[in-house]
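S.K.: The following block contains a protein sequence and its predicted model.
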Amino acid sequence: MDIEFNKNEDVNKQSVYELKTKLKKIYQGGGEKSAAKQREKGKLLARERVAYLIDDETDFLEVGAFAADGMYAEQGGCPSAGVVCGIGYVSGRQCMIVANDATVKAGAWFPMTAKKNLRAQEIAMENRLPVIYLVDSAGVYLPMQDEIFPDKEHFGRMFRNNAIMSSEGIVQISAIMGSCVAGGAYLPIMSDEAMIVEGTGSVFLAGSYLVKSAIGEAVDNETLGGATTHCEISGVTDYKHPNDQACLDSIKKIMSMIGAPERAGFDRIKAALPKADQQEIYGLLPNSREKPYDMLEVIHRLVDNSEFEEYKKLYGQSIICGLGRIDGWAVGIVANQRKVVKSKKGEMQFGGVIYSDSADKATRFIMNCNQKKIPLVFLQDVTGFMVGTRSEHGGIIKDGAKMVNAVSNSVVPKFTIIIGNSYGAGNYAMCGKAYDPRLIYAWPTAKIAVMGGAQAAKVLLQIQEASLKAKGELITPENKEEMLKEVTDKYNSQTTPYYAAARLWVDGIIDPLETRKVISMGIEAANQSPIKKKFNVGVIQT
């Protein structure tokens, strides 16, 4: 291996180490003191509940681990948005698991908590996954109620989704393992089955303090809405259990009896590891997002047996399209080529840029995969569409629109991995979050923004300069340099994968070596949801 490869390897492995270090801190939730209080009550912690629930030696694909990361500093932070979500196997069946973390503000709902819960439900609804709610929450975080309560994508949307899923036969099981207050009480009771843990679980529209204040009645929480009340008097809950473990065992038993789902019928054969060493991905990815590299080499380290059937290999070379398998599943891959290539016409095509011919090729390939019922995988490292007179005269907008149209109307499941740059309209054409990928994950090397940091900073600086000049303020070269650094640093901080993951623009950040697992589990989930719609792109200009 050459020196450049070794440098890349060192930088990328350090990034993965930083990722895992950040995750370890997030996994601590509200901290050891809060955890100790939960244990004193005889309760398992949220992540312990999930670990106990899922089948031994199976993967748990977490969604939104970094949600709210770096946000709500004035409120003391909200690690993982106070809720653990992800796809796990329970009694052999893939499920979406949602577990409130009571060590974080007593499991209260922040704005990002609602967004994360809704994302978990969206994944469940798209893939017809059973949902298991492990409820332990104090309800809406009142100081921020205006940002979580009344709007369409706020708190109430979750109960609406409960009802929709139930009507569509998507199984929902709730376990009340702690507090379940006010509007939040509807979530478990709108599930198909609800169970409660004796002594720690409680569910009511108003707690004892509010009841006293509202109607003058003095009553304790256990009498008001504990396990005995709801299993023996009100009939609100269906099962009563002595502790967390017994409750989770009951869920496992129920899940073991659920009938098999319909299948979409995506093709899968026996899985095989790539022949090329997956670890070499660390050395192949440059230590700078501006440097070129061969995306085909990365693909060979993701697909089974490193076998990849490339589509229109010598045409539109700034996008790679082709068929392969990932963990046995047949996939169509659309990837940005990052090395500089030369077309048969003698034209140079720069890495990461989408040209008219590459957009045309990708459009045709996406349509083919829809016809063949092959899931699509997008590997993003894109700086945008080609600009300039030649491109505009060649109809780049029209060809880009065709590609966006095909991505938008695709009916096969789509999975997006952001490897490097994800800029501007390139993010859209390569199936960014707005285009409904079933799952979207980023590598630590990802950058997501409307344009690159250097270009954006110069534009923003010009705006600032114009504003100051309009006010009659003088700008010295020193001031200009300081302003440029300030603008650049701020902009760059907003392009990191952590900034994106905190706001759920992506479902998470992963070690590149986890990519095959994410895609495989995603297709397995999607295979439980038969395709009902026909592929139709509507009107496309030719």
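M.R.: Nice, thanks for sending it over.
S.K.: Show me the strands in the stretch 151-300 of the chain, by range?
M.R.: 172-181, 193-197, 202-204, 239-241 (DSSP state E, counting those that start in this stretch).
S.K.: Worst mean pLDDT among these?
M.R.: For the strands of the stretch 151-300 of the chain, mean pLDDT drops lowest on strand 202-204, to a mean of 86.
S.K.: so where's the stretch 151-300 of the chain shaky on pLDDT?
M.R.: The stretch 151-300 of the chain contains residues with pLDDT under 70 at 182-184, 206-209.
S.K.: can you pull out the helices in it?
M.R.: Taking DSSP state H, counting those that start in this stretch to define them, one finds helices in the stretch 151-300 of the chain at 155-167, 186-189, 208-215, 221-225, 227-228, 244-255, 281-284, 295-299.
S.K.: I'd like those helices written out as CSV, with distance to residue 65 and mean neighbour count added.
M.R.: Heads up, the C-betas are built off the backbone N, CA and C, glycines and all. Formatted as CSV, the helices of the stretch 151-300 of the chain follow (distance: least, CB to CB, whole Å; neighbours: other CB atoms under 10 Å):
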stretch, distance to residue 65, mean neighbour count
helix 155-167, 20, 17
helix 186-189, 22, 21
helix 208-215, 34, 12
helix 221-225, 32, 18
helix 227-228, 31, 18
helix 244-255, 21, 19
helix 281-284, 21, 22
helix 295-299, 24, 20
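S.K.: So for residue 91, which of those helices sits nearest?
M.R.: helix 244-255 (4.1 Å; CB to CB).
S.K.: which residues are in contact with that closest one?
M.R.: 42-44, 49, 52-53, 90-91, 93, 95, 130, 132, 173, 175, 177, 193, 195-197, 200, 239, 241 (CB atoms under 8 Å, 6 or more residues apart in numbering).
S.K.: make it 6 Å
M.R.: When contacts are defined by CB atoms under 6 Å, 6 or more residues apart in numbering, helix 244-255 is touched by residues 44, 52-53, 90-91, 93, 173, 175, 177, 195, 197, 239, 241.
S.K.: What separation is there between residue 427 and residue 46?
M.R.: Residue 427 is 32 Å from residue 46, where distance means CB to CB, to the nearest Å.
S.K.: Neighbour count for these two, which is higher?
M.R.: Neighbours per residue, other CB atoms under 10 Å: of residue 427 and residue 46, the larger number sits with residue 46, 29 against 23.
S.K.: Please go through the chain and pick out the longest helix.
M.R.: helix 3-26 (DSSP state H).
S.K.: ok, and what's touching that one?
M.R.: Under the criterion CB under 6 Å, 6+ apart, residues 65, 79, 80, 282, 283, 285, 286, 287, 444, 509, 511 lie in contact with helix 3-26.
S.K.: Check the burial of residue 241 by counting its neighbours.
M.R.: As a measure of burial, residue 241 has 22 neighbours, counting by other CB under 10 Å.
S.K.: is it true that it touches residue 197?
M.R.: Yes. Using CB atoms under 6 Å, residue 241 is in contact with residue 197, at 5.5 Å.
S.K.: if we can go back for a sec, now render the helices of the stretch 151-300 of the chain as TSV, adding distance to residue 369.
M.R.: Below are the helices of the stretch 151-300 of the chain laid out as TSV (distance: least, CB to CB, whole Å):
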stretch	distance to residue 369
helix 155-167	28
helix 186-189	37
helix 208-215	55
helix 221-225	51
helix 227-228	51
helix 244-255	33
helix 281-284	24
helix 295-299	16
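S.K.: Residue 331 is nearest to which of these?
M.R.: That would be, of the helices of the stretch 151-300 of the chain and by CB to CB, helix 295-299, which comes in at 10.5 Å.
S.K.: From the chain's centroid, how far away is that closest one?
M.R.: The chain centre lies 23 Å from the centre of helix 295-299; the measure is CA atoms, centre = their mean, to the nearest Å.
S.K.: So which elements touch it?
M.R.: Taking 3 or more CB pairs under 6 Å, 6 or more residues apart in numbering; DSSP states H and E as contact, there are no helices or strands that helix 295-299 lies on.
S.K.: ok, now how distant is residue 215 from residue 222?
M.R.: Counting by CB to CB, the gap from residue 215 to residue 222 is 19 Å.
S.K.: Please apply the same query to residue 499.
M.R.: Distance from residue 499 to residue 222, by CB to CB: 44 Å.
S.K.: Could you do residue 338 as well?
M.R.: 61 Å.
S.K.: repeat for residue 148
M.R.: Distance from residue 148 to residue 222, by CB to CB: 28 Å.
S.K.: How about residue 352?
M.R.: Distance from residue 352 to residue 222, by CB to CB: 61 Å.
S.K.: try residue 363
M.R.: Taken as CB to CB, the span from residue 363 to residue 222 is 62 Å.
S.K.: Which residues does stretch 85-100 contact?
M.R.: Looking at what lies outside stretch 85-100 - CB under 6 Å, 6+ apart - the contacts are 46, 49-50, 53-55, 58, 60-64, 83-84, 107, 120, 124, 129-137, 252, 255-256, 521, 525.
S.K.: from the contacts of helix 3-26, which single one is nearest residue 304?
M.R.: For the contacts of helix 3-26, with residue 304 as the reference and CB to CB as the criterion, the closest is residue 511, at 19.3 Å.
S.K.: tally of neighbours for that closest one?
M.R.: Residues near residue 511, counting by other CB under 10 Å: 18.
S.K.: cool, and residue 294?
M.R.: The burial count for residue 294: 15, using other CB under 10 Å.
S.K.: wait, it sits on residue 340?
M.R.: No. Between residue 294 and residue 340 there is no contact under CB under 6 Å: 10.4 Å.
S.K.: Show me where the stretch 401-542 of the chain has its strands.
M.R.: With DSSP E, counting those that start in this stretch as the criterion, the stretch 401-542 of the chain has strands spanning 414-423, 439-442, 447-449, 508-509.
S.K.: For those strands, which has the smallest mean pLDDT value?
M.R.: strand 447-449 (a mean of 91).
S.K.: Just the buried subset of the contacts of stretch 85-100, written out for ChimeraX, thanks.
M.R.: Filtering the contacts of stretch 85-100 down to the buried ones (16 or more other CB atoms under 10 Å) takes a single ChimeraX command:
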select :46,49,50,53,54,60,61,62,63,64,83,84,107,120,124,129,130,131,132,133,134,135,136,137,255,521,525
